[in-house]
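Engineer: Here is my input; please provide its structure:
(chains A and B)
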Amino acid sequence: MPLNVPIVENILSANDRLAEENHSRIEAAGVFSINLMASPGAGKTSLIEKTLPRLTDKFRVAVVDGDIATSLDADRAAAAGAQASIQINTGGECHLDAVMLHGALNQLDLKQFDLLIVENVGNLVCPADFRLGTHKSVLIASIPEGDDKPYKYPGMYRGVDALVINKIDLLPYIPFKMDFFQRGVEALNQGVITFPVSCSTGEGLDAWIDWLIQNIKR
Amino acid sequence: MHELSIAESILNIALCHAEKVSATRISDIHLVIGKLSYVMDDSVQFYWDTIAKDTIAEGARLHFKRVPAELLCLDCSQHYAPDGETLACPNCQSTRVKVVAGEEFRIESIDVETPSSPSPLPLGVEG
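Structural biologist: Next comes the predicted model:
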């Protein structure tokens, strides 16, 4: 008879272990870190562009950008005032994982920074499963994506610590039922802190910036 | 792409544990996957056949045990299976819920052949 070997190990345990290591390094350097996730076009880079100019006079910010190809986003982050911006090209992978962030951290002198923003690959599915080791996971939803996204991508909405709803300036033009959207969010992630914003008009950004500053100073 | 990462993780874990018992072949891998973990069985098996080639896990069969989602309402203590549309409690519509089961995503065990547990098949006969 063949031998049955009990294992009982989480399938992504290797990633989780490395995420823990990333977390320890970030924490030891006294840096607050976020993992910014969203579908393509929701406004991850735009939010970074609007956020950096309001922080960089007081805080030193590093941005790690994940994309399948190009360094367009890292260039935009650098132009917006990031003291360091590192591009990770995943070469086809649909998400960042702890190994990739580990490599990026090796290129940063973490002690030189107060805030680390990791911009994940645009995708509402896979990034939810791969912990990176950041302090908080932040999801950006946007009005043109539609109000059904919490229902269609529950894995992503369940796991995040904060939710930014971008492009609220488009609400008058798009049939987006905010109460239906919010009910979907509540059913998955009760009480998650939410920031309705418009990166175009600047509306709502104060609360988001305050939340970041509070966490940086914690 | 995601299923490829998953297949690679499963392979690494299985090979690591097989080595500890000096296994010569991995024949079966038993996985426990909750309904709230989104994995396509066929897709993982498809990648498996490529990545496990030339390892002792080549040709191993993957068995997916699916665990249904079970939630507990923190307001009225109702245990229930979500209907897919919402996770809210069907009894009191509360959204203060806790996931009791359905998030499983693990390797439970592997079946291996070791020098001390030879294949029941005689030499030269293909299974």
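Engineer: Let me see the ranges of the helices in chain A.
Structural biologist: Per DSSP state H, chain A carries helices over the ranges A:13-28, A:44-51, A:72-79, A:98-105, A:149-152, A:154-158, A:178-188, A:205-216.
Engineer: distance of the residue nearest to A:Met100 when sequence neighbours are not counted from A:Arg54?
Structural biologist: Leaving aside its chain neighbours, A:Met100 sits nearest to A:Ile88 (5.2 Å; criterion: CB to CB, 6 or more residues apart in numbering or on different chains). From N, CA and C alone the C-beta is placed, and that goes for glycine too. From A:Ile88 over to A:Arg54 the distance is 25 Å, taken as CB to CB, to the nearest Å.
Engineer: What pLDDT does the model give B:Glu3?
Structural biologist: Here, the pLDDT recorded for B:Glu3 equals 83.
Engineer: higher neighbour count, A:Ile88 and A:Arg54?
Structural biologist: Taking neighbours as other CB atoms under 10 Å in any protein chain shown, A:Ile88 and A:Arg54 compare with A:Ile88 leading, 22 against 17.
Engineer: what separates that one from A:Asp97, distance-wise?
Structural biologist: 10 Å.
Engineer: and what of A:Val164?
Structural biologist: Taken as CB to CB, the span from A:Val164 to A:Asp97 is 23 Å.
Engineer: Looking at the two, which is more packed in?
Structural biologist: It is A:Val164, of A:Val164 and A:Asp97, that has more neighbours when counted by other CB under 10 Å, with 27 against 22.
Engineer: what element comes up after the helix ranked longest in chain B heading to the C-terminus?
Structural biologist: The single longest helix within chain B, with elements called by DSSP H, is helix B:2-20. Once the chain leaves helix B:2-20, the next helix or strand it forms, by DSSP states H and E, is strand B:25-34.
Engineer: Would you list the strands that that next one pairs with, along with their directions?
Structural biologist: strand B:61-67 (parallel), strand B:105-113 (antiparallel) (DSSP bridges).
Engineer: Show me which residues of chain B sit near chain A.
Structural biologist: By CB under 8 Å from any CB of the partner chain, the residues of chain B that approach chain A are B:1-2, B:5-6, B:9-10, B:12-14, B:17-18, B:20-21, B:23, B:27-28, B:31, B:36-38, B:85-88, B:95-97, B:105-114, B:117, B:119-120.
Engineer: Identify the bridge partners of the residue nearest in space to the middle of chain A.
Structural biologist: In chain A, the centroid-proximal residue (CA atoms, centre = their mean) is A:Leu36; its distance is 1.0 Å. Taking DSSP bridges as the rule, A:Leu36 bridges to A:Glu119, A:Val138.
Engineer: wait, doesn't it sit right on A:Thr134?
Structural biologist: No. Using CB atoms under 8 Å, A:Leu36 is not in contact with A:Thr134; the gap is 9.1 Å.
Engineer: shared neighbours of these two, anything?
Structural biologist: A:Val118 (CB atoms under 8 Å, 6 or more residues apart in numbering or on different chains).
Engineer: For the residue sitting furthest away from the middle of chain B, give me the pLDDT.
Structural biologist: Relative to the centre of chain B, and counting by CA atoms, centre = their mean, the farthest-placed residue is B:Cys92 at 33.5 Å. pLDDT for B:Cys92: 93.
Engineer: Good, we can wrap up now.
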